[in-house]
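Participant: Just the structure for this:
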Amino acid sequence: MRFPVVITHILTRRKENAEVSVAEDELKKAEWALLVGVTTTGSHAADQWFRGFLQACRQRNLLICGIDFEESLRDGVPRIPLDCLITLPGAFSRDITSAHLITAISTIRQRCPGSVVASAALRENYQLLNSRFAKELHITANTPECIQLIQDKPACRARLHQAGFYQPRSLRIRGVGPGDTIEFEDVFGCRVSHPSDNPRGWIVKPATGMGSIGVEFISSLDEISALNLSLSDDYCCEEFIEGDEFSIEGLVTASTVRVYAVTEKTTNERFVETGHRQPAGTQQLPNQAELEQEFQDCITALGIQCGHLHAEFWRTPEGTIVWGEFHVRQGGDLIAPDLVTAIRPELDYYGELIDSLRGLPLPPLPPIRYCAGVRFIEVNAGMVQGISVRNTLPPATKVYWQAQPLEHPHAVNSSTARGSVLFSYGRDQTTVNDNLNQAENLCKIEVAQLSNEGQ
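Facilitator: Predicted structure coming up:
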């Protein structure tokens, strides 16, 4: 049975805000970049990803073939102009069957004359699909096995532990046993009957989730039942790590990492990120060369071969580095490209991604010239009634509202949401912090709390 793929093929190119026809003979020589996943929530951060990718492709005379699911496209539209759009049937899925994949590949070859030279996914949930498409097209990508490994938190921790890196204890929550007791497995799939507690507490989260969604802190494993988790989903719990939280932003080419920046994070009492600063200070990370070598060793152990990389880690009070999640994409929450290109203004962030996927040489890494930071302003969950800035913002400072009046900002949990994101850069971190403090005092967002809605 033929797999129904819907094609929109736009035989135009954009040049200086004008559309010009592309001749058929030119299309036969065309080079294409595949973009797997073309719809977003519409946040500033996501828009920057797609605009950056578009600009890099156009500068290299690459046509863009977008791929997404029918229901995803019904709920949203592509954020950038595409030269070809392939619609996969049904609702979003992290993977598709081999038969559907083969038919989709055949359609790409039919509708994209010339050659597909690069493939990328800018969103986390599309990484596995991108890997499978690239594999069938014989172009550079991380293997499906690598993606499945790093997107499964307990499995990723197990691989790092086997490679000799210290890792906190991690348990999968497998269900409810006799007497309503919670059943656990260790990272190797062995049942753990009565796991000993951790005096520092535990973090409970989806095993394949991302960001701060579904993350809870508990003091004891006995508290899991009170969370009312949907145990049909895959959850895990990890020993709580005390220490400062960071991430590294970089690009992997031929299994070797090119470090762009180390990001220092701030979190609130619920362990939700409230801000980021780049570059992280040497006081917090005194030996960055050693850190980068350890980072490279992690990449080798996990089998990461290419693409943008965002990896999280902690530095404990004793100075131990504890590696966390690895993502083969840009960091979210304005970490990249916004912060990275603010501190390295000459860096061609998405251009380097595309060139590296094509096996082209990269120029020397541009120097760090500035410091930069973002801060998230939390408000009560509810409908936005009004937004305003009472005076002129400080230099090199911007505010991005997460919702307009009569809209609901992105919820952090059941009671709070991110009302706005503040961004600033300057010659030093003191200047950046002062700018963010002034901007926070100038910005006002009024929200009608959920309990009052509908009255």
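Participant: So for Ala155, what's the nearest residue that isn't a sequence neighbour?
Facilitator: Leu149 (5.5 Å; Cβ to Cβ, 6 or more residues apart in numbering). Just so you know, the C-beta spots here come from the backbone N, C-alpha and C atoms, and that holds for glycine as well.
Participant: Centre of the chain to stretch 73-87, how far?
Facilitator: Relative to its parent chain, stretch 73-87 has a centroid offset of 20 Å by Cα atoms, centre = their mean, to the nearest Å.
Participant: List the buried residues for it?
Facilitator: Across stretch 73-87, burial judged by 16 or more other Cβ atoms under 10 Å covers 73, 78-80, 82-87.
Participant: Looking at those, which has the smallest pLDDT value?
Facilitator: On pLDDT alone, Arg79 ranks lowest of the buried residues of stretch 73-87, at 86.
Participant: export whatever helix or strand Gly52 lives in as CSV, just CAs?
Facilitator: Gly52 belongs to helix 44-59 when assigned by DSSP states H and E. Extracted C-alpha coordinates of helix 44-59, given in CSV (Å, rounded to 0.1, in the frame of the first residue of the first chain):
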residue,chain,number,x,y,z
HIS,A,44,11.4,34.1,20.2
ALA,A,45,14.0,31.4,20.9
ALA,A,46,12.4,29.0,18.4
ASP,A,47,12.0,31.7,15.8
GLN,A,48,15.7,32.5,16.1
TRP,A,49,16.6,28.8,15.4
PHE,A,50,14.6,28.7,12.2
ARG,A,51,15.6,32.1,11.0
GLY,A,52,19.2,31.3,11.6
PHE,A,53,19.0,28.0,9.7
LEU,A,54,17.2,29.8,6.8
GLN,A,55,19.8,32.5,6.5
ALA,A,56,22.7,30.0,6.6
CYS,A,57,21.0,27.9,3.8
ARG,A,58,20.3,31.0,1.6
GLN,A,59,23.9,32.2,2.0
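Participant: other SSEs contacting the helix or strand following that helix?
Facilitator: Using DSSP H and E, the helix or strand that follows helix 44-59 in sequence is strand 62-69. If you count contacts as 3 or more Cβ pairs under 8 Å, 6 or more residues apart in numbering; DSSP states H and E, strand 62-69 packs onto strand 31-36, helix 44-59, strand 84-88, helix 98-111, strand 115-120.
Participant: what's in contact with strand 62-69?
Facilitator: 13, 30-39, 53-54, 57, 78, 80-93, 104, 108, 111-112, 114, 116-118, 129, 133, 354 (Cβ atoms under 8 Å, 6 or more residues apart in numbering).
Participant: Narrow these to those that are buried.
Facilitator: Buried members of those, counted by 16+ other Cβ under 10 Å: 13, 30-39, 53-54, 57, 78, 80, 82-88, 92, 104, 108, 111-112, 116-118, 129, 133, 354.
Participant: can you put the helices and strands packed on strand 62-69 in JSON lines and add distance to Leu137?
Facilitator: Formatted as JSON lines, the helices and strands packed on strand 62-69 follow (distance: least, Cβ to Cβ, whole Å):
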{"stretch": "strand 31-36", "distance to Leu137": "7"}
{"stretch": "helix 44-59", "distance to Leu137": "16"}
{"stretch": "strand 84-88", "distance to Leu137": "13"}
{"stretch": "helix 98-111", "distance to Leu137": "7"}
{"stretch": "strand 115-120", "distance to Leu137": "5"}
